[in-house]
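**Student:** dropping the sequence and predicted coords here.
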Amino acid sequence: MTGGERMPKRHRRLVTGHDAKGRSVVLMDGESPYSFSLEKAGGLQLTELWETRSSPADNSDAKDAADHERRIAPVDGGTVFRIIEYPPDRVRLATLAPDTFFAEMGAQAADPARRRHPGMHRTHTLDYCVVLSGEIWAVMDEGEVLLRAGDCLVQRGTNHAWSNRTDEPCTIAFVLVSAKPLTLTLSPRGRGKE
């Protein structure tokens, strides 16, 4: 590890299931072993908590569903539950390599000519986002909004970025749900229609 890297924050994760007699039990209780520092993403700290690969989800398997290849979006028909800690932009933007990072993680980076923020990207997902600590700006093609601890955002397959303009990290819990790709057409006023 170089001097600029940080150890990923560990998050306690509890996973329930059933024992051999069909009684409910806690199968896993401890820090998620799937925590990573993503240097090409400007030092994001990412913790994978769980993944489903179909809908409805299959609760019969006792294996650790967070043990999967790194990617932003879930597999088709699946979900991903994760926590991401965003460093301040003054730190993150110095090392962010968006085109490389998004290509490696299977997401579509926004067209550089249209990017309002270097982290602009889009996935074929419906994302439930809950700010756990700190504050962060959700940046859209047009407009942006400040979110603070306790605020929730539903992101519906839009171009977006996260901008932490403070001196403290911001931590967000995400549930990404696989969604149908959008087909956007421009109305005469320039706004997309689904």
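**Tutor:** Nice, thanks for sending it over.
**Student:** show me where pLDDT drops low in this protein?
**Tutor:** Scanning the chain with the threshold set as pLDDT under 70 gives 1-8, 106, 108-113, 185-194.
**Student:** which residue of it sits farthest from its center?
**Tutor:** residue 21 (36.6 Å; CA atoms, centre = their mean).
**Student:** for this structure, longest helix please?
**Tutor:** Secondary structure assigned by DSSP state H gives helix 98-105 as the longest helix of the chain.
**Student:** show me what that one packs onto, helices and strands only.
**Tutor:** Packing partners of helix 98-105 (3 or more CB pairs under 8 Å, 6 or more residues apart in numbering; DSSP states H and E): strand 108-109. Bear in mind the C-beta positions are built from the backbone N, C-alpha and C, glycine included.
**Student:** after the strand it packs on, which helix or strand is next? Please name it.
**Tutor:** With elements assigned by DSSP states H and E, the helix or strand that comes after strand 108-109 is strand 121-122.
**Student:** just to revisit the earlier point, any idea how far the longest helix of the chain is from the middle of the chain?
**Tutor:** 14 Å (CA atoms, centre = their mean, to the nearest Å).
**Student:** can you pull the buried residues of it?
**Tutor:** Residues of helix 98-105 classed as buried by neighbour count (16 or more other CB atoms under 10 Å): 98, 101-102, 105.
**Student:** again with stretch 15-24
**Tutor:** Buried residues in stretch 15-24 (16+ other CB under 10 Å): residue 15.
**Student:** most centrally placed residue in the protein?
**Tutor:** Centre-nearest of the chain using CA atoms, centre = their mean is residue 174, 5.4 Å out.
**Student:** residues contacting that residue?
**Tutor:** 80-84, 127-130 (CB atoms under 8 Å, 6 or more residues apart in numbering).
**Student:** wait, is residue 130 part of a strand?
**Tutor:** Yes. According to DSSP: H, G, I helix; E, B strand; the rest coil, residue 130 belongs to a strand.
**Student:** between the contacts of residue 174, which is nearest residue 42?
**Tutor:** Taking CB to CB as the measure, residue 84 is the one of these closest to residue 42, at 11.3 Å.
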